[in-house]
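A.B. asks: How does the following fold in three dimensions:
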Amino acid sequence: MIVAHAPDGTPLAAQPEGTGRPLVLLAGQANDHTWWDAVRDDFPCTVTVDYRGTGASGKPDAPYSTPLFADDVIAVLDELGIERADVYGTSMGGRVAQWIAIRYPERVRRLVLGCTSPGGPHAVERSAEVRRALMRPDARETLADLMYTPAWRATHPGPYRTLGDPAMPPHARRHHLRASDQHDAWDALPRISAPTLILHGDDDGLAPVANATLLAERIPDARVHVLPGARHGYFEECRPHASELVRDFLA
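C.D. replies: Residues are numbered from 1 along each chain as shown. A predicted model of the protein is given here:
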C-alpha cells in the first residue's frame, strides 16, 4: 500500500500490484479496493484506490463528488509516477472514470465503463420498487440479490466484497450517496477522446442496461457489450468472460 495526498491534504490509500502497463480499477459507491478482490488477478498490473471515506484513506466530513474522486485518483497516479494508464470503473467507479477521461484526457489510454450511467436527468434510474427495497432493514440481502443472480449465489455463498465497506462512518456513507446521486456528466461526455468499452448486464436493477446505450451515444466511437442474464456484479459472476473482454480491448 502507498499513501498519496489529495490537493486538500486528505490521505489516499492505494494498492499497486504487478508489472506492466497499469490498469486503474475503480470500485462502486461506499466500497474500498476489496471490491476487486475476486478478479484483480485477471490483469497483470493494477492500481486500486480506497476512495476518501473508505478503507485506509482519510474520511473528512465535507462534501464529496465524482469530479473530486477523479482528482483524488490523479493524485494517486502522480504519487506513483504514472503518466498514463488504462482506467476501468464499475458502478460509481464508472462515473468517476468518466470525469477522469473528461478532465485529464492525456492521462487515460483506454477507458472501460461497467454497469454505470451518465447520471443527471438523462439517466435511466432504478425503479421505485428497488429504491424502496434498499431502504428496508434487510437492505444488505436485497443488495446481494441485485448484484448476483440466485443461481450464482447458490454456489457462491460469500462473503461478498461488493456490499459496502462496513467500517465507513455514517457521514462518509452520506457523502458517497450524495456524490453518486449528483453525478451528471451528460454534457461533457462527448469530450472523451480515449477509446471506450462499455460493459453491462442486461438484468441490472441497480443501473438499468439502457444506460449503456445512452453512454455509447454520447461518447465518440464507444463500443458496447451486454452480458445476457447478468446483474450489477457482472464482473465477478461472469468472470472469466468479462475479464477476457476487458483484456482483449486493452490489448
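
A.B. asks: going forward, measure contacts between C-alpha atoms and count neighbours the same way
C.D. replies: OK.

A.B. asks: hang on, A14 in a helix?
C.D. replies: No - if the criterion is DSSP: H, G, I helix; E, B strand; the rest coil, then A14 is strand and not within a helix.

A.B. asks: and it, how many neighbours does it have?
C.D. replies: By other CA atoms under 10 Å, the residues close to A14 number 25.

A.B. asks: Which of the helices or strands spans the spatially most central residue of the chain?
C.D. replies: Centroid-nearest residue in the chain, with CA atoms, centre = their mean: G93, separated by 2.1 Å. G93 belongs to helix 92-103 when elements are defined using DSSP states H and E.

A.B. asks: ok, and what's touching that helix?
C.D. replies: 26-29, 66-67, 69-71, 74, 87-89, 107-108, 111-119, 180, 183, 185, 188-189, 191-194 (CA atoms under 8 Å, 6 or more residues apart in numbering).

A.B. asks: Could you check how far A6 is from Y88?
C.D. replies: As for A6, its distance to Y88 is 21 Å (criterion: CA to CA, to the nearest Å).

A.B. asks: the more surrounded of the two?
C.D. replies: Using other CA under 10 Å as the criterion, A6 and Y88 rank with Y88 on top: 24 against 19.

A.B. asks: Contact partners for that one?
C.D. replies: L23, V24, L25, L26, G94, A97, L111, V112, L113, G114.

A.B. asks: So which of those sit within helices?
C.D. replies: Counting by DSSP state H, the part of the contacts of Y88 found in helices is G94, A97.

A.B. asks: Among the contacts of Y88, which are located in strands?
C.D. replies: Residues of the contacts of Y88 located in strands (DSSP state E): L23, V24, L25, L26, L111, V112, L113, G114.

A.B. asks: Show me which pair in those residues is furthest apart.
C.D. replies: Using CA to CA, the two most remote members of these are L23 and G114, lying 14.2 Å apart.

A.B. asks: of those two, who's got more company?
C.D. replies: Taking other CA under 10 Å, L23 and G114 do not tie; G114 has more neighbours (30 against 24).

A.B. asks: Packing partners of the helix ranked longest in the chain?
C.D. replies: Counting by DSSP H, the longest helix found in the chain is helix 66-80. Applying 3 or more CA pairs under 8 Å, 6 or more residues apart in numbering; DSSP states H and E, we find helix 66-80 packed against strand 2-5, strand 11-18, helix 92-103.

A.B. asks: repeat that for 6 Å
C.D. replies: Here helix 66-80 touches helix 92-103, going by 3 or more CA pairs under 6 Å, 6 or more residues apart in numbering; DSSP states H and E.

A.B. asks: so for the helix it packs on, what's the average pLDDT?
C.D. replies: For helix 92-103, mean pLDDT is 98.
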